[in-house]
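In: Turn this into a model:
(one chain, ligands or ions: 1)
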Amino acid sequence: MEVIIELRNGITKYKNFQLGPMDLQLSTGVITALIGRNGAGKTTLLEGLSGLSPFQKGDVYYYGTPINFLEPEIRTKMTYISNDIQMYSDYSVKQAIEFVSTLHKNWDTSWVNHWLTVFQIRASVQIHQLSKGMKMKLNLILGLGHRPDVVFLDEPTDGLDSISRQQFFNLLQEYVEQEECTVVMSTHYTKEVEGICDHVIFLKNGMLSLVGEVEEMKESYHVFSVPPKEDLSGVKGIESFTTTSVETKGVIQSQTVATLPNHAVIKKPSLDDIFQYVVENEEGGEWS
Ligand SMILES: Nc1ncnc2c1ncn2[C@@H]1O[C@H](COP(=O)(O)OP(=O)(O)OP(=O)(O)O)[C@@H](O)[C@H]1O
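Out: Numbers count the residues shown, from 1 in each chain. Alright, predicted model coming up:
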């Protein structure tokens, strides 16, 4: 794995919000999930990295060279795919493909046709007649047809049914395997991306909160549950917990699991657990 994209000291400020300052590295052959609450800054980060709305301060590097987003060449390397599926709605599928393909020298017609066939999207159909899922799949095909090696996706599966989401991920995984590219995908479907993403970036209030390999991160923590009135004052390394009438549930650092009472039930955390109890940790209490 090689670093393909690097952000150094990136900052974007709006009236009531600031993203960064932050540094970030993205490697080849990796799919990264970008997770954060509404308003955490996911779109601002993706737009900054892709140059759609460049950072106000800081630089983005492509294989170690600072990117000048005004140079057309960079457009052949990168793609930003939003979930705005209203684009080209007055076109037929064929017309949209013809239009987008003229913007790129290296358009891969056979790859595009292959995936249109897999998804059963007919070239003659008007785009406004396609279902939401079909439109989003077409959006992905249009965004990848020039074989970019940096792919940014902003909540691409938002509103898609589970089968459409799986088909969407299948295409993405196959693409990454073939191209050795890097993908960053913002999402609220934390559970579903676990099997798809190798890395995760948790964003909180415009800052990087936790960044790393999914499996390594999951090794670092355990979920525990104990009866609701349990005294946890002697337990070390609890990130946070919630208490209901049934149980106290929380996340603890793996190296201090042995300090839990013997009857505590422990298991490996999901990304959702890490998001809720480590990154956000505001639902219940924190133990010092
Ligand atoms: N062009 C802009 N002008 C002013 N404020 C903006 C602009 N774009 C975004 N913001 C603000 O920046 C903050 C972060 O927005 P952003 O869209 O990046 O968050 P997000 O994590 O993608 O949210 P969501 O999950 O809801 O899509 C929000 O408070 C938003 O209102």
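
In: The nearest residue to residue 162 once chain neighbours are set aside sits in which helix or strand?
Out: Distances taken as C-beta to C-beta, 6 or more residues apart in numbering place residue 192 nearest to residue 162, at 7.8 Å, with adjacent residues excluded. Quick note: C-beta positions are derived from backbone N, CA and C, even for glycine. Residue 192 is part of helix 190-193 when elements are defined by DSSP states H and E.

In: Can you list the neighbours in contact with the helix or strand following that helix?
Out: Counting by DSSP H and E, the next helix or strand C-terminal to helix 190-193 is strand 199-204. When contacts are defined by C-beta atoms under 8 Å, 6 or more residues apart in numbering, strand 199-204 is touched by residues 24, 30-37, 40-42, 45, 184, 208-214, 217, 271, 274-275, 279-280.

In: Quick one: mean pLDDT over strand 199-204.
Out: What strand 199-204 shows for mean pLDDT is 97.

In: For the next helix-or-strand element following that strand, buried residues please.
Out: For strand 199-204, the following helix or strand on the C-terminal side (DSSP H and E) is strand 207-213. The neighbour-count check on strand 207-213 (16 or more other C-beta atoms under 10 Å) flags 208, 209, 210, 211 as buried.

In: Ok, stretch 193-206 next?
Out: 193, 194, 196, 197, 198, 199, 200, 201, 202, 203, 204, 206.

In: do it and the ligand meet?
Out: No: using C-beta under 6 Å from any ligand atom, stretch 193-206 stays clear of the ligand, with a minimum separation of 6.7 Å.

In: Hmm, residue 61 is touching residue 8, no?
Out: Yes: Residue 61 is within contact range of residue 8, at 7.1 Å (criterion: C-beta atoms under 8 Å).

In: Could I get the full set of strands for the stretch 151-288 of the chain?
Out: Secondary structure of the stretch 151-288 of the chain by DSSP state E, counting those that start in this stretch: the strands cover 182-186, 199-204, 207-213, 221-226, 238-243, 248-253, 265-267.

In: how about these in TSV, adding distance to residue 144?
Out: Output for the strands of the stretch 151-288 of the chain, formatted as TSV (distance: least, C-beta to C-beta, whole Å):
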stretch	distance to residue 144
strand 182-186	10
strand 199-204	20
strand 207-213	25
strand 221-226	34
strand 238-243	38
strand 248-253	36
strand 265-267	37
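
In: burial of residue 44, as a residue count?
Out: 22 (other C-beta atoms under 10 Å).

In: Could you do residue 118 as well?
Out: 14.

In: got a list of what it touches?
Out: Contacts for residue 118 (C-beta under 8 Å, 6+ apart) come out as residue 171.

In: how close does it get to residue 253?
Out: Remark: distance between residue 118 and residue 253 (C-beta to C-beta, to the nearest Å) = 44 Å.

In: How about residue 185?
Out: Separation of residue 185 from residue 253 (C-beta to C-beta) stands at 28 Å.
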